[in-house]
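K.L.:
What follows is a predicted structure for the sequence shown.
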Amino acid sequence: MKSSRRYAATAASVVALSLVSAPVFAQVARNQEPPQRGGPPTEKTPYILVTTFASADRKLGVESANELRHRIQSEHSAKELYVVPKANIDNTLAASGYPPDSALNAADLMELSRQLHGEYVLDSKVTKTGPGDAVRFDVRVLLRTGQNTLAQPLPAANGKDPGDAAKMVERSISDMLKGIPMYRTCIDNLRAQKNDEAATAARAGITAYPNSVLSRICLLNAYTNAKASPDSIIAVASQILTYDPNSMLALANLAESYKAKGDKDKAIETNLRIYRVDPTNTAVAQSIIQDLAQSGAPDKAIPIIDSLMKDNPADVGMIRTKWLLQLNAKQYKNAYVTSDEYIKIAPDSATADFYNRMIGVAQTDSNTAKVQEYAAKASQKFPKDVSFLNILAQSFIKSGQFQQALIPARRATEADPKNQNGWLLAIAAANGANMRDSSAAFAKMAIDNGADKNTFGAALLGPTQDLFAKAQASKTRDDWEAALKSAQAVDALASTAQSKFFIGVASFSAAATMAGDLQSQATAAQKSNKKADKDAACATAKSMEDLLTITSISMPAGASVSKETAGQIMGGISQFTDYIGSVKKAFACK
């Protein structure tokens, strides 16, 4: 039977059969197989449904079902446990469009049992186990409780032939039935919200039938209703799983109890067991994914969502979840790929937050290429958000790509002239590209747009530094005076300790270059006693004095740049001043 929906498709014929009374069914059965002993069943007699076993050999499946059906009939009277006749089964299947030897799945078995009044339903499988007729029976007893279908696995039966295995299964069924009255009492107490009485009945059922999964399920429900301790629930759920490893109810309660205890590892392990039992259940799988992500095991959730996406590759929610799981699991290379798929099928998801997140991931991953890729895409999509342009420029600067960095940096300053970061990056890029004049120009533009002068003053000194270096190499008065003039121009725009330092050093150095000239002029004036020679010496002394005055004013403010240099210069000023004073006195300089 492919699906229980097929019953609906042949509703008329099925309903017609379902209206036939139990005695009539029994009469039909008598016409085709020996009647069950003990006369017709009563209204209270439970029915048991035995259909073709699942098997690689359909003939063996039919034979095994017949053997077990006959064995139960021979061991139980019709008033104790009525076996639904094979003829009734075959007729109902035929009316629904299925061959009589069909092996049904659990859902279809329960639908068939509803039509044939089956209270107990056998879900059975037979496997050849060796030479001759040796077989293994794996049987579960299914029964409906309320809206739920519960399963009682029976011990595997290994027999020399189907008849031998059928004897073992029948004994297991008889043993199981010993605990059913207590199980029914437990269920009744649960419905009446009498949890303690339900638990007592369940324990009695377990005593009557130690392998009872049904009574343990009822006990588990009593414990959960009464909000028993996690350890109590874990104990019962674990017992259920020893008999029925695939019990979703036990697994779900076990996972919740481990979570309540804070045992993350066992909760994760149990959640994975749940998924393996039913990987096609999307709702369950998504719940497990969430639990795994929250429990700190996103890497274990990723294979689950991959399996779900096989049938839904374009599901936006699943792709987003996979992307977030990969980020949490630090699977960055995979996350790059998934993020591209995500925004491809959901372009609106490529928000500024999305790009900021991916840029942060790429930075953590030390992946410069990805930082630049995401920053470039974001700056194109959000041209008014200069932060992405700044990130792009900064990334280029860090990787030594100064010319490339200038482009986004200048775009940022053009988009927002008051954004200081953009100007600083433009200056850094220009300095890295040895474009001193551009660096100073950017600094001036930044200050003109209201930027902090102290922040950008140092950048203005780029050309000054070049002139300073030139003067240090040439040691000529002209070069020192050029450096001094440049430093003074910067200081007038944005005074800083460094601009003052440059002024102090340049003015002192320029004065120092004149000391030799002054000495020569003074000696010549003394010998000639000519007014022209004296005037020349006085003019030089005056120029030196003016330069040293500049040094005296600027050097204290620039001393923080180099205290040692400042100390040497301040000491040199006094020596020059004394000599200049003697020259001025000797020649009566005005």
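P.N.:
Arrived safely, thanks for sending. Residues are numbered from 1 along each chain as shown.

K.L.:
CA atoms for contacts and neighbours, from now on please.
P.N.:
Fine.

K.L.:
any low-confidence regions in the stretch 51-200 of the chain?
P.N.:
Judged by pLDDT under 70, the stretch 51-200 of the chain has no weakly predicted residues.

K.L.:
can you pull the contacts of the residue nearest the centre of the chain?
P.N.:
In the chain, the residue lying closest to the centroid (Cα atoms, centre = their mean) is Leu325, at 2.2 Å. Contact analysis of Leu325 by Cα atoms under 8 Å, 6 or more residues apart in numbering lists 293, 298-299, 301-302.

K.L.:
Put together TSV for these, with distance to Tyr332 and neighbour count on each row.
P.N.:
Below are these laid out as TSV (distance: Cα to Cα, whole Å; neighbours: other Cα atoms under 10 Å):
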residue	distance to Tyr332	neighbour count
Ala293	16	21
Pro298	13	23
Asp299	12	19
Ala301	16	25
Ile302	13	21
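
K.L.:
among those residues, which are in helices?
P.N.:
Using DSSP state H, the members of the contacts of Leu325 that fall within helices are 293, 298-299, 301-302.

K.L.:
Quick check: Lys322 vs Lys370, distance?
P.N.:
Look at Lys322 and Lys370: by Cα to Cα, to the nearest Å, they are 19 Å apart.

K.L.:
if you count what's nearby, which of those two comes out ahead?
P.N.:
Lys322 (27 against 17; other Cα atoms under 10 Å).

K.L.:
any idea which element the more buried one lies in?
P.N.:
helix 316-328 (DSSP states H and E).

K.L.:
Buried ones in that helix, by neighbour count?
P.N.:
316, 318-328 (16 or more other Cα atoms under 10 Å).

K.L.:
Then stretch 104-123?
P.N.:
104, 106, 108-113, 115-123.

K.L.:
Can you list the residue ranges for strands in the stretch 301-450 of the chain?
P.N.:
Applying DSSP state E, counting those that start in this stretch to the stretch 301-450 of the chain gives no strands.

K.L.:
need the helices for it, in chain order.
P.N.:
Residue ranges of the helices in the stretch 301-450 of the chain, as given by DSSP state H, counting those that start in this stretch, are 316-328, 332-345, 352-364, 368-381, 386-398, 402-415, 420-432, 436-448.

K.L.:
And Pro338, how close does it get to Val316?
P.N.:
Wrong residue type there; residue 338 is Thr, not Pro. For Thr338, the distance to Val316 - Cα to Cα - is 11 Å.

K.L.:
Return the helix or strand in the protein with minimum mean pLDDT.
P.N.:
helix 11-18 (a mean of 32; mean pLDDT, DSSP states H and E).

K.L.:
Where do the domain boundaries of the chain fall?
P.N.:
5-178, 473-586 (automatic domain parsing).

K.L.:
any chance you could map the helices in the stretch 101-250 of the chain?
P.N.:
Going by DSSP H, counting those that start in this stretch, the stretch 101-250 of the chain shows helices at 106-115, 162-178, 180-191, 195-208, 213-225, 230-243, 248-261.

K.L.:
Kindly spell out which helices and strands sit in contact with the longest one.
P.N.:
Packing contacts for helix 162-178, counted by 3 or more Cα pairs under 8 Å, 6 or more residues apart in numbering; DSSP states H and E, involve helix 58-75, strand 135-145, strand 157-159.

K.L.:
Turn these into JSON lines, including mean neighbour count and distance to Ser507.
P.N.:
Listed next are the helices and strands packed on helix 162-178 as JSON lines, based on neighbours: other Cα atoms under 10 Å; distance: least, Cα to Cα, whole Å:
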{"stretch": "helix 58-75", "mean neighbour count": "20", "distance to Ser507": "109"}
{"stretch": "strand 135-145", "mean neighbour count": "20", "distance to Ser507": "102"}
{"stretch": "strand 157-159", "mean neighbour count": "20", "distance to Ser507": "108"}
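
K.L.:
For Pro181, find the nearest of these.
P.N.:
Of all the helices and strands packed on helix 162-178, strand 135-145 sits nearest to Pro181, with 13.7 Å by Cα to Cα.

K.L.:
Report the distance from that closest one to the chain centre.
P.N.:
41 Å (Cα atoms, centre = their mean, to the nearest Å).

K.L.:
contacts for that strand?
P.N.:
110, 119-129, 149-162, 165-166, 169.

K.L.:
so it versus helix 58-75, what angle?
P.N.:
70 degrees (axes from the mean of the first three to the mean of the last three Cα atoms, to 10 degrees).

K.L.:
the inter-axis angle of strand 135-145 versus helix 162-178?
P.N.:
30 degrees.

K.L.:
quick one: strands adjacent to strand 135-145?
P.N.:
Partner strands for strand 135-145, per DSSP bridges, with pairing direction: strand 120-128 (antiparallel), strand 148-153 (antiparallel), strand 157-159 (antiparallel).

K.L.:
After the top helix by length along the chain, which helix or strand is next? Please name it.
P.N.:
Criterion DSSP H: the longest helix present in the chain is helix 497-528. The helix or strand immediately downstream of helix 497-528 is helix 531-558, counting by DSSP H and E.

K.L.:
Check which helices and strands that next one sits against.
P.N.:
Short answer (3+ Cα pairs under 8 Å, 6+ apart): helix 531-558 packs on helix 497-528, helix 563-586.

K.L.:
can you do 6 Å?
P.N.:
helix 497-528 (3 or more Cα pairs under 6 Å, 6 or more residues apart in numbering; DSSP states H and E).

K.L.:
for the helix it packs on, packing partners?
P.N.:
helix 477-493, helix 531-558.

K.L.:
who wins for proximity to Val386 among these?
P.N.:
That would be, of the helices and strands packed on helix 497-528 and by Cα to Cα, helix 477-493, which comes in at 27.0 Å.

K.L.:
Contacts for that closest one next, please.
P.N.:
464, 467-468, 471, 499, 503, 506, 510, 513 (Cα atoms under 6 Å, 6 or more residues apart in numbering).

K.L.:
of those residues, closest to Ala458?
P.N.:
Among the contacts of helix 477-493, and counting by Cα to Cα, the member closest to Ala458 is Ser499, at 7.5 Å.

K.L.:
what about the closest one, distance to Leu467?
P.N.:
Taking Cα to Cα, one finds Ser499 at 13 Å from Leu467.

K.L.:
So which of the two has more stuff around it?
P.N.:
Ser499 (29 against 22).

K.L.:
residues touching that one, list them.
P.N.:
Here Ser499 is in contact with 487, 491 (Cα under 6 Å, 6+ apart).

K.L.:
quick one: it from Lys485, how far?
P.N.:
11 Å.

K.L.:
try Lys377
P.N.:
For Lys377, the distance to Lys485 - Cα to Cα - is 45 Å.

K.L.:
same question, Lys585
P.N.:
Applying Cα to Cα to Lys585 and Lys485 gives a distance of 30 Å.

K.L.:
send the alpha carbons of stretch 434-451 over as CSV?
P.N.:
C-alpha atoms of stretch 434-451 as CSV (Å, rounded to 0.1, in the frame of the first residue of the first chain):
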residue,chain,number,x,y,z
ASN,A,434,55.5,59.7,-1.6
MET,A,435,53.1,62.4,-2.7
ARG,A,436,54.0,65.0,0.0
ASP,A,437,52.5,67.9,-1.7
SER,A,438,49.1,66.0,-2.0
SER,A,439,49.3,65.0,1.6
ALA,A,440,49.7,68.6,2.7
ALA,A,441,47.0,69.7,0.3
PHE,A,442,44.6,67.1,1.8
ALA,A,443,45.4,68.3,5.3
LYS,A,444,44.7,71.9,4.4
MET,A,445,41.4,70.9,2.8
ALA,A,446,40.4,68.9,5.9
ILE,A,447,41.1,71.9,8.1
ASP,A,448,39.2,74.2,5.8
ASN,A,449,36.3,71.9,6.2
GLY,A,450,36.4,72.2,9.9
ALA,A,451,38.7,69.3,10.9
